[in-house]
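> Let me see the structure of the following:
(2 chains)
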Amino acid sequence: MALPPLTPVFVGSLWRRRTASALSVLAIALGVALGLAVQIINGAALDEFDRGMRVVAGEADLQVLGPGSGFDDSLFETLALHPLVAAASPVVEITARRIDGAGELRILGIDILRVVAVNPKLIPVPADGADGDARFAAFRQDALFPSPALQQALGVVPGEHVLVAAGQGRARLEVAGGLPGMAGERVAVMDIHAVQTGFGMAARLTRVDLRLRDGVGSDAAREALVSLLPPGVRLGAPDESAARAASLSRAYRVNLTMLAVIALVTGGFLVFSTQALSVARRQTEFAFLRAIGLDRATLMRWILAEGLVLGAVGGALGCALGYGFAALVFSLLGGDLGAGYFDGTEPSIYIAPVASLAFVSLGVAAGLLGSWAPARAAARIAPALALKGATLVGAAHHPGHAVAALVCFAAAGLAAALPPVDGIPVAGYAAIALILAGGVLALGGLSAWLAARMPARHVATRLASARLQAMPGHVVVAAAGVMASAALAVAMAIMVASFRDSVDQWLDRVLPAALYLRAAESDQAAYLDPATQRRIAAIEGVSAVDFLRYDTIRLGADGGAVTLIARPVSDDGRELPLVGAARPVAQPVWISEALADRLGVGTGDALEIPLAGALHAFTVAGVWRDYARQTGALVLPLARYRQLTGDARANNAALHLALETDAATVAGRIRAHFGAERFELSAPDEIRRISLRIFDRTFAVTYLLEAAAVAIGLAGIAASFAAMAAARRKEFGMLRHLGLSRRQVGAMIAAEGGLTAAAGAVGGSGLGFAIALVLVEVVNRQSFHWSMDYRIPLLPIGVFLTALTVLAAVAAVLAGRHAMGGSAVRAVSEDW
Amino acid sequence: MGLLRLLVLCLPLVVWAADYPPVRPGVPLSLPEDHGAHPRYRTEWWYVTGWLRDGEGGERGFQITFFRARTGIGEATPGRFSPAQLIFAHAAIADPASGRLRHDQRSARASGRLAGSATGRLDAWLGPWVLRAEGDGFVARAAGDGFALDLRLDPRAAPMPNGADGYSQKGPEPRHASYYYSLPALAVTGEITLDGSAIPVSGEAWMDHEWSSELMPESAVGWDWVGLNLADGGAAMAFRMRDAEGRVVWAGGTLRAADGQARALSPPEVEFAPRRRWTSPRSGAEYPVEWDIRLADRQLRLTPLMDDQELDARASTGAVYWEGAVRAFDGETPVGRGYLEMTGYTERLRM
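Numbers count the residues shown, from 1 in each chain, chains lettered A, B, ... in the order given. You can find the predicted model right below:
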């Protein structure tokens, strides 16, 4: 295909200003790469999770799902013999803690004779040399069959033994073989009876997988089976768990996609800057082309084509980077960027054609939109005028912009008040876009206002100030990119700081005791029985003990899992991190914000809770903040829970110590009394440190990406100034002729640069405060269902803005030095 | 005997700890109570095989079997999913028209209504599959992949204890033995279903009931077994255990005349001589599908209803064997019909 004859003139110009072009391409590439990587990573992790769920569920058409403490296993017989059921496979799931090493084991107790017909991937395969027939090795009560991934994680091979504990039980298990059907999952199977009797789950099941008879629809089966289930046990299709996981990680993904958008917007503004400046430099060129017959529309199309090339190259590069980045992140952090949603899955990169195309298109759009205003400006040039003398065109500033900016801000305020769409805070994002748009529109006015207030003692600063007031459009050209990246960086910084601060305070609130004790890590099946509880309370130096009982129940129309916490709590719930009004009621339950949102209930509303197979009426006494459980949690008074369920066990204990006793001493006594490995003991400081470390790890990626976006924004300002300085060589020559020293011209350029960047930075931080408010109050509240206290990290933001301004000034000087290099005489005369 | 018998015999040796009662001679059978299960013994089976005739004269073989296995695992801790007692069941129809065996199997832990075997009377069940005493006879029901059986079995002759009044020795050492009796000449009525179409049938069947704790001698790798309802009203059972080289480790049998006089056969009185072999296209195993057998002074020739009655159960149980309907001839005269079982022809069976 032959290129049109003007290709070298236009697209070729991108090559002639390759530094600026490269920066634009880089910014777009970063945005595309980031956005795409987030999609790929989450897609792959979700895919893996989904596959994992399907593998776990096998060919099951329906699953009967119970609370974490399980349901009575007499239900199994009813289900298995039901005429609509072709095959049923019982499962009792526990999480066990490894004693003779680090690690947790998710163990599924299965009936090998029944799992075959429903879920063949869970069939354990005994290692060679195991005793007896393959099918009978799986009945051995000490035989553990970990998946390859779990064997690797535990560092064990068949024939070796592991010592594990869960519930009140501990057992020395032989790795009797593997679980090849679950290659990517970290899971092990054991005989169902061994799990039930060995780990405190006697006569309990947590799940039954059902395969229906041929021709029986799952809706019909649901209708027939649902009446057989006790409260708290529900029917689900295997894919519903995957959907819940997706909606959980979606909240995290939207925040990361937000960062991708930052980079793309920055890239768009950089294209705008370089194109505006390049158009200004090439005015004479364009005037000449127009004079020899090139019409306006064609000229405009050519300039847009330049933007298209920048966008396409950036998009293609970003696409490649995105896959590389995703692969890197996978190997370093895992499928959820360290957020911990997909524990136990090992995803692999996959090709996402739709997402790839979408993000490349966004890159192209950024290039095109960035070129739009400069292209229009170039097309409007009057050839005769432009042939005589060049003036910098850009986004001209006029008073109408201030009105438009106000309209944008007002619209943003309205959008922020709208509810989420399908769980995604769409209106919140719209509000952020409107705030950015309003900021760009107001930027010219802001910089003029700022320049007018600048102390003008020196010639150089007076000149700079005068120039910025006279031609605010130029500021917009140079500073728009800075403002966008500064705004979003500041917003993210405030959001993360608010979040971290709130988590910190929340940890204070939920960890009031001096020492915490638990039987096994994150395990509902780990108990402290009443005798153990009494022994703990009797330890010397312990003044009081709060015992906590955890369970998972299913609540609401969707039957989603909810964490039940039974603990000693005052009538007013003062021990809980309550938000909003609380009131004392007769049968109180305190629900977390996530649960309040999901169920649509609030303080004073009635709530029926399934406990021990029966529904009980409660009233919501208050809503509390919970950063730990996004699916929702509720708190019941321990005494009431025990009265209703007869379950006197506890999972955790919070120990309050007598005065002049320290936690380490008491911990030592507990270890001496119960053995060193029986409990995990932790001091609140330690829990807090671990929690905050997890938090920081989760957000480490966001800091990194923010830095990249800002660096590119800064490079953009340097490129803009370089281009601008080149266009103004004549002006600099003139100033030298008028008697200004080279130093004075340099100072003028630095002042212009600093002022421009300051305008961008000040404007950006203002926008950042507003955007952060939207992120905290709207986006996070709607995506994660938790509130946080707005906190501005003033010092880091101040340092950041100052550094940005200084760096911009330095960049401007460096860019200007090149332009001042030539002889003043030649510079003035070259255009004549 | 049968595949699942093998399976049951292959129970892991980790179960030594369990106190399995030994099988000793001189314990008289007590029927009908002994039709029921003997859960303290390691293994037990009720094995029904027979010939069916439909209204058009078409002949088919059938088999329906229940096994009980005491694993010795998890007996100390009761629970619905205790693997202490396992129940297996197996059903098959040999249909010459389709040229292959229809078969299916089930297995489960003994637990409530899901699966189990009662003591004191014949009642074994595994989901909807049952073999149970009803009136003076029994009912057998099973439905598998593309076929179903729903049969009534009525005894027309007295039970036939094998060996020494029901003590059946299986090897040179007396400890390798089972309690074993047969119910020959069971009149069959009922219905089978093949690919959705119900076919009324009648015929004649044979039931073995056998329980033991230690059955197979260490040197044995497989066995040949036959049970025949003779046309004159008599019955014949014979088996031999083979070692890896094909030599006879032990043999035995029972020959009962039409008048009910039965005699137990000692090892030298039982001979199996292959006449024609058939090679399975699936497993590659070579089975002697036609035999000359000698039971004391009685010489019989066995020919199969069809050659391919091999059961390939490697996918589920890991074993391949031949279990099929046979006709018995005395010279050229048909003198009876029954079932032949040949195991250990593909690979050495683990004990």
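
> Touching, A:A633 and A:A566? I think so.
No - A:A633 lies out of contact with A:A566 (C-beta atoms under 8 Å); the separation is 11.4 Å. Where you see a C-beta, it was placed from the backbone N, CA and C, and this is true even at glycine.

> More neighbours: which of those two?
The neighbour count for A:A633 versus A:A566, taken as other C-beta atoms under 10 Å in any protein chain shown, is higher for A:A566 (25 against 21).

> close enough to count as contact, the more buried one and A:L636?
Yes - counting by C-beta under 8 Å, A:A566 touches A:L636, with 4.8 Å between them.

> which ones are touching the residue of the stretch 701-832 of chain A found nearest chain B?
Nearest to chain B, among the residues of the stretch 701-832 of chain A, is A:H785, at 38.6 Å (C-beta to the nearest C-beta). Listed by C-beta atoms under 8 Å, 6 or more residues apart in numbering or on different chains, the contact partners of A:H785 are A:593-594, A:597-598, A:630, A:632.

> Which elements pack onto the helix or strand where A:L446 lies?
If you go by DSSP states H and E, A:L446 is part of helix A:426-452. For helix A:426-452, the helices and strands in contact under the criterion 3 or more C-beta pairs under 8 Å, 6 or more residues apart in numbering or on different chains; DSSP states H and E are helix A:239-281, helix A:400-416, helix A:459-470, helix A:472-510, helix A:742-774.

> Tell me what angle that helix forms with helix A:472-510.
Following axes from the mean of the first three to the mean of the last three C-alpha atoms, to 10 degrees, one obtains 130 degrees for the angle between helix A:426-452 and helix A:472-510.

> picking up where we left off before, I'd like the helices and strands packed on helix A:426-452 laid out as CSV, including mean pLDDT.
Supplementary listing: those in CSV, determined by pLDDT from 0 to 100:
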stretch, mean pLDDT
helix A:239-281, 66
helix A:400-416, 86
helix A:459-470, 74
helix A:472-510, 79
helix A:742-774, 83
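
> closest to chain B out of those?
For chain B, the closest of these is helix A:239-281, at 23.7 Å, according to C-beta to the nearest C-beta.

> Which residue ranges of the stretch 501-650 of chain A form helices?
Per DSSP state H, counting those that start in this stretch, the stretch 501-650 of chain A has helices spanning A:530-537, A:593-599, A:638-645. These are given in chain order.

> can you list the ones you listed in TSV and add distance to chain B and mean pLDDT?
Putting the helices of the stretch 501-650 of chain A into TSV (distance: least, C-beta to the nearest C-beta, whole Å; pLDDT from 0 to 100) gives the following:
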stretch	distance to chain B	mean pLDDT
helix A:530-537	20	86
helix A:593-599	34	86
helix A:638-645	21	90
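
> In JSON lines, list these along with mean neighbour count.
Written out in JSON lines, the entries for the helices of the stretch 501-650 of chain A read as follows (neighbours: other C-beta atoms under 10 Å in any protein chain shown):
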{"stretch": "helix A:530-537", "mean neighbour count": "15"}
{"stretch": "helix A:593-599", "mean neighbour count": "22"}
{"stretch": "helix A:638-645", "mean neighbour count": "17"}
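
> how about the closest residue to chain A within the stretch 101-250 of chain B, phi and psi?
Taking C-beta to the nearest C-beta, chain A has its nearest neighbour within the stretch 101-250 of chain B at B:S107, 4.6 Å off. Geometry field for B:S107 lists phi and psi as phi -150, psi 150, criterion degrees, to the nearest 10.

> what about the helices of the stretch 501-650 of chain A, which gets the closest to A:D571?
Using C-beta to C-beta as the criterion, the shortest distance between A:D571 and those is 11.6 Å, found for helix A:638-645.

> what's in contact with the closest one?
A:547-549, A:564, A:566-569, A:587, A:611-612, A:616, A:647-648.

> Check stretch B:255-265 too.
Stretch B:255-265 has contacts (C-beta under 8 Å, 6+ apart) with B:157-158, B:160-164, B:184, B:230, B:232-236, B:238, B:251-254, B:295-296, B:298.

> Can you select the buried ones from those residues in ChimeraX?
A single ChimeraX command selects the buried members of the contacts of stretch B:255-265 (16 or more other C-beta atoms under 10 Å in any protein chain shown):
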select /B:157,160,161,162,163,184,230,234,235,236,238,251,252,253,254,295,296,298
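
> secondary structure element for B:D292?
Taking DSSP H and E as the definition, B:D292 sits inside strand B:286-295.

> Could you point out the helix or strand that follows that strand?
Helices and strands here follow DSSP H and E; after strand B:286-295, the next one along the chain is strand B:298-304.

> So which bits of that next one are buried?
Within strand B:298-304, the residues that qualify as buried by neighbour count (16+ other C-beta under 10 Å) are B:298, B:300-304.

> for those residues, which one is nearest chain A?
Distance to chain A, by C-beta to the nearest C-beta, is smallest for B:P304 among these, at 28.9 Å.

> What about the residue lying closest to that closest one once chain neighbours are set aside, how many residues nearby?
If the residues on either side of it in the chain are set aside, B:P304 comes closest to B:V289, at 4.8 Å by C-beta to C-beta, 6 or more residues apart in numbering or on different chains. Around B:V289 sit 24 other residues, with neighbours defined as other C-beta under 10 Å.
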